[in-house]
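In: Please find the sequence and the predicted model below.
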Amino acid sequence: MDRDDLEKLSKQALVDMVLKLQRPTKTSRTSSKPPSTDRKARRAHAKPGGAKPGHQGHSRSLHESPDEIVDHRPDACPQCHGQLGDDLTGNVVGEYDAIEVPPIAPFVVRHRRLCVSCPHCSSRVKAPLPEAACSSPFGLRLHGLALYLKTFHAVSFARLEGMLADLFGVKVSQGALANMLKRSHVPFAARKTDIVADLRRADVVASDETGIRIEGLNGYHWVFMSRQAIVHEAQLSRAAQVVRDVMGDHRPKVWLSDGYSAQRGHGEHHQTCLAHLARDIAYAVEASDDMVPLRLKMWLDRVFQLASNLTSFAASTVRTKKRVLENTLADILASNPQCEIAETIRAKLARASPRLLTFLDHPGVVEVTNNGCERALRPAVIQRKVTNGFRSMWAAEGDCAVRTVVDTQKLNGSSPFKTILTSLA
(Lines give C-alpha, C1' and ligand atoms only; values in the text may rest on other atoms or scores of the structure.)
Protein backbone atom coordinates (compact mmCIF):
# COMPACT_ATOMS: atom_id res chain seq x y z
CA MET A 1 0.00 0.00 0.00
CA ASP A 2 1.26 3.48 -0.84
CA ARG A 3 0.75 6.71 1.13
CA ASP A 4 -2.50 7.67 -0.62
CA ASP A 5 -4.08 4.32 0.24
CA LEU A 6 -3.04 4.62 3.89
CA GLU A 7 -4.51 8.14 4.17
CA LYS A 8 -7.87 6.80 2.99
CA LEU A 9 -8.04 4.23 5.79
CA SER A 10 -10.11 4.91 8.89
CA LYS A 11 -8.57 5.21 12.34
CA GLN A 12 -9.91 1.78 13.33
CA ALA A 13 -8.46 0.16 10.20
CA LEU A 14 -5.05 1.68 10.95
CA VAL A 15 -5.21 0.44 14.55
CA ASP A 16 -6.05 -3.08 13.36
CA MET A 17 -3.18 -2.99 10.88
CA VAL A 18 -0.67 -1.91 13.53
CA LEU A 19 -1.88 -4.58 15.94
CA LYS A 20 -1.43 -7.25 13.27
CA LEU A 21 2.12 -6.05 12.63
CA GLN A 22 2.86 -6.30 16.34
CA ARG A 23 1.80 -9.92 16.61
CA PRO A 24 4.62 -12.33 17.51
CA THR A 25 6.10 -14.31 14.64
CA LYS A 26 5.27 -17.99 14.44
CA THR A 27 7.99 -20.48 15.39
CA SER A 28 8.31 -24.25 15.39
CA ARG A 29 6.79 -24.23 18.88
CA THR A 30 3.66 -22.32 17.84
CA SER A 31 3.14 -23.68 14.31
CA SER A 32 4.14 -26.43 11.90
CA LYS A 33 7.21 -24.50 10.73
CA PRO A 34 10.46 -26.52 10.97
CA PRO A 35 12.95 -25.65 13.75
CA SER A 36 15.47 -24.56 11.10
CA THR A 37 13.35 -21.44 10.46
CA ASP A 38 13.54 -20.25 14.07
CA ARG A 39 15.77 -17.29 14.89
CA LYS A 40 18.79 -18.48 16.82
CA ALA A 41 19.36 -17.08 20.29
CA ARG A 42 22.19 -14.61 20.77
CA ARG A 43 25.33 -16.17 22.19
CA ALA A 44 25.15 -14.09 25.37
CA HIS A 45 21.70 -15.53 26.14
CA ALA A 46 22.22 -19.00 24.65
CA LYS A 47 22.38 -22.09 26.82
CA PRO A 48 25.93 -23.26 27.53
CA GLY A 49 27.11 -26.35 25.70
CA GLY A 50 28.48 -29.53 27.18
CA ALA A 51 27.05 -31.80 29.84
CA LYS A 52 24.41 -30.36 32.14
CA PRO A 53 24.81 -30.37 35.95
CA GLY A 54 24.06 -33.80 37.39
CA HIS A 55 24.68 -35.66 34.13
CA GLN A 56 26.24 -39.07 34.68
CA GLY A 57 29.19 -39.65 32.38
CA HIS A 58 29.43 -42.74 30.17
CA SER A 59 32.47 -44.36 28.60
CA ARG A 60 32.55 -46.25 25.33
CA SER A 61 31.75 -49.94 25.68
CA LEU A 62 34.40 -52.43 24.60
CA HIS A 63 33.99 -54.40 21.38
CA GLU A 64 32.52 -57.87 21.86
CA SER A 65 35.02 -59.73 19.66
CA PRO A 66 38.35 -57.92 19.10
CA ASP A 67 40.49 -59.16 16.21
CA GLU A 68 43.71 -58.93 18.20
CA ILE A 69 44.61 -58.74 21.88
CA VAL A 70 47.88 -57.13 23.01
CA ASP A 71 48.97 -57.57 26.68
CA HIS A 72 51.13 -54.90 28.29
CA ARG A 73 53.25 -56.13 31.24
CA PRO A 74 55.38 -54.09 33.63
CA ASP A 75 59.17 -54.63 33.27
CA ALA A 76 60.40 -53.59 36.70
CA CYS A 77 59.07 -52.84 40.19
CA PRO A 78 59.05 -49.09 40.91
CA GLN A 79 59.71 -49.76 44.65
CA CYS A 80 62.73 -52.11 44.65
CA HIS A 81 63.64 -51.83 40.95
CA GLY A 82 63.57 -55.62 40.67
CA GLN A 83 63.00 -57.18 37.24
CA LEU A 84 59.53 -58.74 36.62
CA GLY A 85 59.74 -61.86 34.46
CA ASP A 86 57.24 -62.94 31.83
CA ASP A 87 56.45 -66.10 33.83
CA LEU A 88 54.65 -64.11 36.54
CA THR A 89 50.85 -64.32 36.56
CA GLY A 90 49.22 -61.06 35.52
CA ASN A 91 45.74 -59.77 36.32
CA VAL A 92 43.82 -57.51 33.94
CA VAL A 93 43.36 -54.07 35.54
CA GLY A 94 42.29 -52.14 32.45
CA GLU A 95 41.15 -52.75 28.89
CA TYR A 96 41.15 -50.25 26.02
CA ASP A 97 40.17 -50.58 22.37
CA ALA A 98 42.03 -49.05 19.42
CA ILE A 99 39.72 -49.09 16.40
CA GLU A 100 40.83 -48.64 12.81
CA VAL A 101 39.19 -49.09 9.43
CA PRO A 102 41.19 -51.40 7.14
CA PRO A 103 42.16 -50.23 3.64
CA ILE A 104 39.21 -50.71 1.31
CA ALA A 105 39.72 -52.08 -2.18
CA PRO A 106 37.24 -53.66 -4.57
CA PHE A 107 37.23 -57.44 -4.84
CA VAL A 108 37.24 -58.19 -8.58
CA VAL A 109 36.61 -61.64 -10.04
CA ARG A 110 37.47 -61.90 -13.72
CA HIS A 111 35.55 -64.54 -15.64
CA ARG A 112 37.38 -65.85 -18.71
CA ARG A 113 35.57 -67.83 -21.35
CA LEU A 114 37.85 -70.51 -22.79
CA CYS A 115 37.78 -72.35 -26.07
CA VAL A 116 39.43 -75.76 -26.56
CA SER A 117 39.89 -78.16 -29.49
CA CYS A 118 38.16 -81.51 -29.22
CA PRO A 119 40.81 -84.29 -29.40
CA HIS A 120 38.26 -86.62 -31.03
CA CYS A 121 36.88 -84.52 -33.92
CA SER A 122 39.10 -81.40 -33.82
CA SER A 123 36.04 -79.14 -33.28
CA ARG A 124 36.57 -75.89 -31.40
CA VAL A 125 34.35 -75.91 -28.30
CA LYS A 126 33.55 -72.70 -26.42
CA ALA A 127 32.56 -72.62 -22.76
CA PRO A 128 28.99 -71.53 -22.00
CA LEU A 129 28.54 -67.80 -21.59
CA PRO A 130 29.01 -67.02 -17.85
CA GLU A 131 26.30 -65.21 -15.93
CA ALA A 132 28.70 -62.30 -15.33
CA ALA A 133 28.67 -61.56 -19.07
CA CYS A 134 24.86 -61.27 -19.15
CA SER A 135 24.30 -59.03 -16.08
CA SER A 136 25.69 -55.96 -14.38
CA PRO A 137 29.38 -56.13 -13.47
CA PHE A 138 28.56 -54.67 -10.04
CA GLY A 139 27.78 -57.07 -7.22
CA LEU A 140 24.97 -57.22 -4.69
CA ARG A 141 26.77 -55.38 -1.89
CA LEU A 142 27.78 -52.57 -4.26
CA HIS A 143 24.16 -52.24 -5.37
CA GLY A 144 23.11 -52.19 -1.72
CA LEU A 145 25.73 -49.59 -0.78
CA ALA A 146 24.71 -47.24 -3.59
CA LEU A 147 21.03 -47.63 -2.70
CA TYR A 148 21.72 -47.07 1.01
CA LEU A 149 23.77 -43.91 0.49
CA LYS A 150 21.40 -42.46 -2.11
CA THR A 151 18.17 -43.16 -0.19
CA PHE A 152 19.06 -42.77 3.47
CA HIS A 153 21.94 -40.29 3.35
CA ALA A 154 20.70 -38.06 0.51
CA VAL A 155 23.93 -38.40 -1.47
CA SER A 156 23.53 -36.95 -4.96
CA PHE A 157 24.62 -38.85 -8.07
CA ALA A 158 27.66 -36.62 -8.54
CA ARG A 159 28.83 -36.96 -4.95
CA LEU A 160 28.07 -40.70 -4.94
CA GLU A 161 30.22 -41.14 -8.03
CA GLY A 162 33.12 -39.36 -6.33
CA MET A 163 32.59 -41.20 -3.03
CA LEU A 164 32.76 -44.65 -4.62
CA ALA A 165 35.90 -43.68 -6.53
CA ASP A 166 37.71 -42.07 -3.57
CA LEU A 167 36.78 -44.48 -0.78
CA PHE A 168 36.37 -47.79 -2.57
CA GLY A 169 38.37 -47.40 -5.78
CA VAL A 170 35.32 -48.23 -7.92
CA LYS A 171 34.66 -46.05 -10.97
CA VAL A 172 30.93 -45.89 -11.71
CA SER A 173 29.37 -43.30 -14.00
CA GLN A 174 26.19 -41.47 -13.00
CA GLY A 175 24.28 -43.30 -15.72
CA ALA A 176 25.45 -46.65 -14.35
CA LEU A 177 24.41 -45.53 -10.85
CA ALA A 178 20.93 -44.69 -12.14
CA ASN A 179 20.68 -48.14 -13.72
CA MET A 180 21.85 -49.74 -10.46
CA LEU A 181 19.12 -47.95 -8.53
CA LYS A 182 16.47 -48.87 -11.09
CA ARG A 183 17.44 -52.56 -10.87
CA SER A 184 17.56 -52.42 -7.08
CA HIS A 185 14.02 -50.98 -6.82
CA VAL A 186 12.41 -54.07 -8.37
CA PRO A 187 12.49 -56.44 -5.34
CA PHE A 188 11.40 -53.64 -3.01
CA ALA A 189 8.35 -52.88 -5.16
CA ALA A 190 7.36 -56.56 -4.92
CA ARG A 191 7.71 -56.57 -1.13
CA LYS A 192 5.82 -53.30 -0.85
CA THR A 193 2.74 -55.03 -2.29
CA ASP A 194 2.73 -57.45 0.65
CA ILE A 195 3.20 -54.63 3.15
CA VAL A 196 0.26 -52.70 1.66
CA ALA A 197 -1.83 -55.87 2.09
CA ASP A 198 -0.87 -55.91 5.80
CA LEU A 199 -1.82 -52.24 6.11
CA ARG A 200 -5.26 -52.99 4.67
CA ARG A 201 -5.93 -55.40 7.55
CA ALA A 202 -5.07 -52.92 10.33
CA ASP A 203 -7.68 -51.62 12.78
CA VAL A 204 -5.84 -48.34 13.43
CA VAL A 205 -4.11 -46.39 10.64
CA ALA A 206 -2.33 -43.02 10.78
CA SER A 207 -1.46 -40.86 7.78
CA ASP A 208 0.43 -37.70 6.91
CA GLU A 209 2.06 -36.08 3.87
CA THR A 210 4.68 -33.51 2.94
CA GLY A 211 5.63 -31.71 -0.24
CA ILE A 212 8.32 -32.98 -2.65
CA ARG A 213 9.48 -32.13 -6.18
CA ILE A 214 8.99 -34.73 -8.92
CA GLU A 215 10.11 -33.99 -12.49
CA GLY A 216 10.06 -30.27 -11.74
CA LEU A 217 6.47 -30.40 -10.43
CA ASN A 218 5.05 -30.06 -6.94
CA GLY A 219 4.28 -33.51 -5.58
CA TYR A 220 3.57 -35.11 -2.22
CA HIS A 221 5.22 -37.79 -0.16
CA TRP A 222 2.52 -39.70 1.77
CA VAL A 223 3.03 -42.08 4.66
CA PHE A 224 0.54 -44.56 6.15
CA MET A 225 1.32 -46.31 9.40
CA SER A 226 -0.06 -49.14 11.50
CA ARG A 227 1.51 -51.29 14.19
CA GLN A 228 2.67 -53.82 11.60
CA ALA A 229 3.32 -51.76 8.46
CA ILE A 230 4.65 -48.39 7.27
CA VAL A 231 3.84 -47.49 3.67
CA HIS A 232 5.39 -44.58 1.74
CA GLU A 233 3.72 -43.30 -1.41
CA ALA A 234 4.83 -40.66 -3.94
CA GLN A 235 2.01 -38.87 -5.75
CA LEU A 236 1.43 -35.62 -7.61
CA SER A 237 -1.86 -35.19 -5.73
CA ARG A 238 -2.79 -34.26 -2.18
CA ALA A 239 -6.43 -35.31 -2.60
CA ALA A 240 -8.34 -37.96 -0.68
CA GLN A 241 -8.21 -40.22 -3.73
CA VAL A 242 -4.61 -41.09 -2.80
CA VAL A 243 -5.84 -42.56 0.49
CA ARG A 244 -8.59 -44.51 -1.25
CA ASP A 245 -6.12 -45.92 -3.77
CA VAL A 246 -3.76 -47.11 -1.04
CA MET A 247 -6.39 -48.49 1.33
CA GLY A 248 -8.65 -50.05 -1.31
CA ASP A 249 -11.96 -51.17 0.20
CA HIS A 250 -10.56 -51.45 3.72
CA ARG A 251 -12.03 -49.08 6.31
CA PRO A 252 -10.18 -49.25 9.67
CA LYS A 253 -11.88 -48.67 12.99
CA VAL A 254 -9.86 -45.52 13.75
CA TRP A 255 -8.00 -43.12 11.45
CA LEU A 256 -5.38 -40.77 12.95
CA SER A 257 -4.22 -37.64 11.12
CA ASP A 258 -4.04 -33.87 11.33
CA GLY A 259 -7.03 -31.66 10.56
CA TYR A 260 -6.57 -31.63 6.76
CA SER A 261 -9.91 -32.51 5.18
CA ALA A 262 -8.48 -34.97 2.60
CA GLN A 263 -7.26 -37.22 5.44
CA ARG A 264 -10.61 -37.42 7.22
CA GLY A 265 -13.51 -39.79 6.71
CA HIS A 266 -11.44 -42.89 5.91
CA GLY A 267 -12.21 -44.79 9.12
CA GLU A 268 -15.21 -45.56 11.27
CA HIS A 269 -13.87 -43.05 13.80
CA HIS A 270 -11.26 -40.31 13.57
CA GLN A 271 -8.66 -39.01 16.00
CA THR A 272 -7.25 -35.56 15.26
CA CYS A 273 -3.59 -35.03 16.08
CA LEU A 274 -3.52 -32.94 19.27
CA ALA A 275 0.10 -31.86 18.76
CA HIS A 276 -0.94 -29.71 15.77
CA LEU A 277 -3.67 -28.07 17.83
CA ALA A 278 -1.31 -27.56 20.77
CA ARG A 279 1.02 -25.48 18.57
CA ASP A 280 -1.86 -23.37 17.27
CA ILE A 281 -3.09 -22.79 20.81
CA ALA A 282 0.43 -21.86 21.99
CA TYR A 283 0.58 -19.14 19.34
CA ALA A 284 -2.87 -17.85 20.32
CA VAL A 285 -1.78 -17.64 23.97
CA GLU A 286 1.24 -15.52 22.96
CA ALA A 287 -0.61 -13.27 20.51
CA SER A 288 -3.91 -12.74 22.34
CA ASP A 289 -4.90 -11.33 25.73
CA ASP A 290 -8.24 -13.17 25.68
CA MET A 291 -8.74 -15.96 28.21
CA VAL A 292 -10.11 -18.50 25.72
CA PRO A 293 -6.69 -19.62 24.34
CA LEU A 294 -5.32 -19.96 27.88
CA ARG A 295 -8.33 -22.03 28.96
CA LEU A 296 -7.91 -24.24 25.88
CA LYS A 297 -4.23 -24.73 26.70
CA MET A 298 -5.06 -25.78 30.26
CA TRP A 299 -7.71 -28.17 28.92
CA LEU A 300 -5.28 -29.69 26.44
CA ASP A 301 -2.64 -30.12 29.16
CA ARG A 302 -5.17 -32.17 31.12
CA VAL A 303 -5.82 -34.32 28.03
CA PHE A 304 -2.10 -34.98 27.51
CA GLN A 305 -1.65 -35.83 31.18
CA LEU A 306 -4.54 -38.30 31.01
CA ALA A 307 -3.17 -39.86 27.83
CA SER A 308 0.26 -40.43 29.39
CA ASN A 309 -1.09 -42.96 31.94
CA LEU A 310 -4.40 -43.89 30.36
CA THR A 311 -3.94 -47.65 30.63
CA SER A 312 -3.63 -47.46 34.42
CA PHE A 313 -7.27 -46.39 34.84
CA ALA A 314 -10.34 -48.59 34.93
CA ALA A 315 -12.81 -48.35 32.05
CA SER A 316 -15.44 -46.66 34.23
CA THR A 317 -12.91 -44.06 35.37
CA VAL A 318 -11.94 -43.30 31.78
CA ARG A 319 -15.59 -42.79 30.82
CA THR A 320 -16.06 -40.41 33.75
CA LYS A 321 -12.97 -38.41 32.88
CA LYS A 322 -14.08 -38.22 29.25
CA ARG A 323 -17.46 -36.75 30.24
CA VAL A 324 -15.73 -34.16 32.41
CA LEU A 325 -13.38 -33.17 29.58
CA GLU A 326 -16.26 -32.94 27.09
CA ASN A 327 -18.29 -30.73 29.42
CA THR A 328 -15.31 -28.49 30.14
CA LEU A 329 -14.55 -28.11 26.43
CA ALA A 330 -18.18 -27.34 25.64
CA ASP A 331 -18.14 -24.59 28.28
CA ILE A 332 -14.97 -23.06 26.78
CA LEU A 333 -16.29 -23.23 23.22
CA ALA A 334 -19.50 -21.49 24.31
CA SER A 335 -17.49 -18.35 25.11
CA ASN A 336 -17.60 -15.26 22.92
CA PRO A 337 -14.01 -14.04 22.44
CA GLN A 338 -13.48 -10.40 21.54
CA CYS A 339 -10.14 -11.09 19.85
CA GLU A 340 -9.85 -12.28 16.27
CA ILE A 341 -7.05 -14.76 17.06
CA ALA A 342 -8.95 -16.19 20.03
CA GLU A 343 -12.11 -16.56 17.93
CA THR A 344 -10.16 -18.32 15.17
CA ILE A 345 -8.73 -20.93 17.54
CA ARG A 346 -12.11 -21.34 19.28
CA ALA A 347 -13.82 -22.00 15.96
CA LYS A 348 -11.08 -24.45 14.96
CA LEU A 349 -11.49 -26.44 18.17
CA ALA A 350 -15.27 -26.35 17.78
CA ARG A 351 -15.07 -27.94 14.34
CA ALA A 352 -12.63 -30.59 15.55
CA SER A 353 -14.32 -31.27 18.92
CA PRO A 354 -16.06 -34.56 17.87
CA ARG A 355 -12.64 -36.00 16.94
CA LEU A 356 -10.47 -34.87 19.85
CA LEU A 357 -11.13 -37.59 22.46
CA THR A 358 -11.54 -40.69 20.29
CA PHE A 359 -8.42 -42.20 21.84
CA LEU A 360 -10.23 -42.53 25.17
CA ASP A 361 -12.52 -45.16 23.62
CA HIS A 362 -9.47 -47.23 22.61
CA PRO A 363 -7.02 -47.09 25.56
CA GLY A 364 -3.46 -48.06 24.66
CA VAL A 365 -4.34 -48.57 20.98
CA VAL A 366 -4.82 -45.07 19.54
CA GLU A 367 -2.22 -42.32 20.01
CA VAL A 368 -3.15 -38.70 20.70
CA THR A 369 -0.55 -37.30 18.30
CA ASN A 370 0.58 -38.16 14.80
CA ASN A 371 4.27 -37.86 15.69
CA GLY A 372 4.98 -41.36 14.39
CA CYS A 373 4.10 -40.35 10.83
CA GLU A 374 6.05 -37.11 11.17
CA ARG A 375 9.15 -39.04 12.24
CA ALA A 376 8.72 -41.38 9.27
CA LEU A 377 8.51 -38.37 6.92
CA ARG A 378 11.50 -36.51 8.35
CA PRO A 379 14.18 -38.36 6.29
CA ALA A 380 12.23 -37.60 3.11
CA VAL A 381 12.08 -33.92 4.08
CA ILE A 382 15.85 -33.86 4.63
CA GLN A 383 16.43 -35.51 1.26
CA ARG A 384 14.17 -32.92 -0.41
CA LYS A 385 16.19 -30.07 1.08
CA VAL A 386 19.52 -31.63 0.11
CA THR A 387 18.72 -32.90 -3.39
CA ASN A 388 15.73 -30.69 -4.33
CA GLY A 389 13.58 -33.69 -5.27
CA PHE A 390 13.49 -36.34 -8.00
CA ARG A 391 14.21 -35.99 -11.70
CA SER A 392 11.85 -38.85 -12.65
CA MET A 393 8.73 -40.54 -11.33
CA TRP A 394 10.36 -43.99 -11.25
CA ALA A 395 13.00 -42.63 -8.85
CA ALA A 396 10.33 -41.23 -6.50
CA GLU A 397 8.30 -44.44 -6.57
CA GLY A 398 11.40 -46.58 -6.07
CA ASP A 399 12.51 -44.41 -3.16
CA CYS A 400 9.12 -44.91 -1.49
CA ALA A 401 9.27 -48.68 -2.08
CA VAL A 402 12.68 -48.87 -0.39
CA ARG A 403 11.55 -46.74 2.54
CA THR A 404 8.40 -48.86 2.90
CA VAL A 405 10.37 -52.09 3.27
CA VAL A 406 13.13 -50.64 5.45
CA ASP A 407 10.81 -48.74 7.82
CA THR A 408 8.51 -51.76 8.20
CA GLN A 409 11.49 -53.99 9.03
CA LYS A 410 12.67 -51.41 11.55
CA LEU A 411 9.56 -52.29 13.56
CA ASN A 412 11.18 -55.73 14.00
CA GLY A 413 14.58 -54.29 14.92
CA SER A 414 16.32 -54.78 11.56
CA SER A 415 18.91 -52.20 10.44
CA PRO A 416 18.45 -50.39 7.09
CA PHE A 417 21.57 -51.77 5.37
CA LYS A 418 20.85 -55.32 6.51
CA THR A 419 17.28 -55.03 5.18
CA ILE A 420 18.57 -53.71 1.85
CA LEU A 421 21.01 -56.61 1.40
CA THR A 422 18.37 -59.17 2.38
CA SER A 423 15.84 -57.70 -0.06
CA LEU A 424 18.33 -57.58 -2.93
CA ALA A 425 19.36 -61.19 -2.28
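Out: Everything's here; your move.
In: Compute the first-to-last residue distance for stretch 4-15.
Out: 17 Å (CA to CA, to the nearest Å).
In: model confidence over that stretch, on average?
Out: Averaged over stretch 4-15, pLDDT sits at 76.
In: Residue numbering should commence at 468 henceforth.
Out: Got it, the first residue is 468 from now on, which makes the last one we talked about stretch 471-482.
In: Just the buried residues of that stretch, please?
Out: Within stretch 471-482, no residue is scored as buried using 16 or more other CB atoms under 10 Å. For glycine as for every other residue, the C-beta is placed from the backbone atoms N, C-alpha and C.
In: Also stretch 829-844?
Out: 829, 833-837, 839-841, 843-844.
In: would a markdown table of those with distance to V672 and pLDDT be doable?
Out: Shown next, in a markdown table, are these (distance: CB to CB, whole Å; pLDDT from 0 to 100):
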| residue | distance to V672 | pLDDT |
| --- | --- | --- |
| H829 | 13 | 91 |
| V833 | 10 | 90 |
| E834 | 12 | 92 |
| V835 | 16 | 91 |
| T836 | 15 | 90 |
| N837 | 11 | 90 |
| G839 | 11 | 91 |
| C840 | 10 | 92 |
| E841 | 15 | 91 |
| A843 | 13 | 92 |
| L844 | 15 | 91 |
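In: between those, which is nearest F605?
Out: Nearest to F605, judged by CB to CB, of those is A843 at 29.9 Å.
In: Against S674, how distant is that closest one?
Out: 10 Å (CB to CB, to the nearest Å).
In: can you list residues touching both of those two?
Out: 690, 692 (CB atoms under 8 Å, 6 or more residues apart in numbering).
In: For T825, which residues are in contact?
Out: Per CB under 8 Å, 6+ apart, neighbours of T825: 721, 736-738, 833.
In: Could you pull up phi and psi at it?
Out: When read as degrees, to the nearest 10, the backbone of T825 gives phi -60, psi -30.
In: Do you have the helices of the stretch 568-717 of the chain handy? List them.
Out: Taking DSSP state H, counting those that start in this stretch as the criterion, the stretch 568-717 of the chain contains helices spanning 607-619, 624-635, 641-666, 707-714.
In: Quick test: name the residue nearest the centre of this protein.
Out: Note on the chain: the residue nearest the mean C-alpha position is A843, at 2.9 Å, using CA atoms, centre = their mean.
In: That one touches V698, doesn't it?
Out: No - judged on CB atoms under 8 Å, A843 makes no contact with V698 at a distance of 9.6 Å.
In: Spit out the residues that contact those two alike.
Out: Joint contacts of A843 and V698 (CB under 8 Å, 6+ apart) are 690, 692.
In: Which parts of stretch 855-867 count as buried, going by neighbours?
Out: Buried residues in stretch 855-867, counting neighbours by 16+ other CB under 10 Å, are found at 856-857, 862-867.
In: So for it, mean pLDDT?
Out: For stretch 855-867, the per-residue pLDDT values average out at 90.
In: Likewise for stretch 746-760?
Out: Across stretch 746-760, pLDDT averages out at 87.
In: do the same with stretch 651-670
Out: Mean pLDDT, computed over stretch 651-670, is 93.
In: Residues contacting that stretch, please?
Out: 610-611, 613-614, 672, 691, 693-698, 713-715, 717, 719-721, 832, 861, 864-865, 867-869, 871-872, 875, 887, 890-891.
In: show me the contacts for L761.
Out: With contact taken as CB under 8 Å, 6+ apart, L761 is in contact with V752.
In: so where do the strands sit in the chain?
Out: Counting by DSSP state E, one finds strands in the chain at the ranges 582-584, 591-593, 671-681, 684-692, 697-702, 721-724, 736-739.
In: Quick one: those strands as JSON lines, columns for distance to G552 and mean neighbour count too.
Out: Conversion of those to JSON lines gives the following (distance: least, CB to CB, whole Å; neighbours: other CB atoms under 10 Å):
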{"stretch": "strand 582-584", "distance to G552": "65", "mean neighbour count": "9"}
{"stretch": "strand 591-593", "distance to G552": "68", "mean neighbour count": "9"}
{"stretch": "strand 671-681", "distance to G552": "69", "mean neighbour count": "21"}
{"stretch": "strand 684-692", "distance to G552": "66", "mean neighbour count": "21"}
{"stretch": "strand 697-702", "distance to G552": "63", "mean neighbour count": "24"}
{"stretch": "strand 721-724", "distance to G552": "71", "mean neighbour count": "25"}
{"stretch": "strand 736-739", "distance to G552": "74", "mean neighbour count": "22"}
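In: Identify each buried residue in stretch 558-572, please.
Out: Across stretch 558-572, burial judged by 16+ other CB under 10 Å covers no residue at all.
In: And C601, how far from A657?
Out: Taken as CB to CB, the span from C601 to A657 is 22 Å.
In: again with G606
Out: 21 Å.
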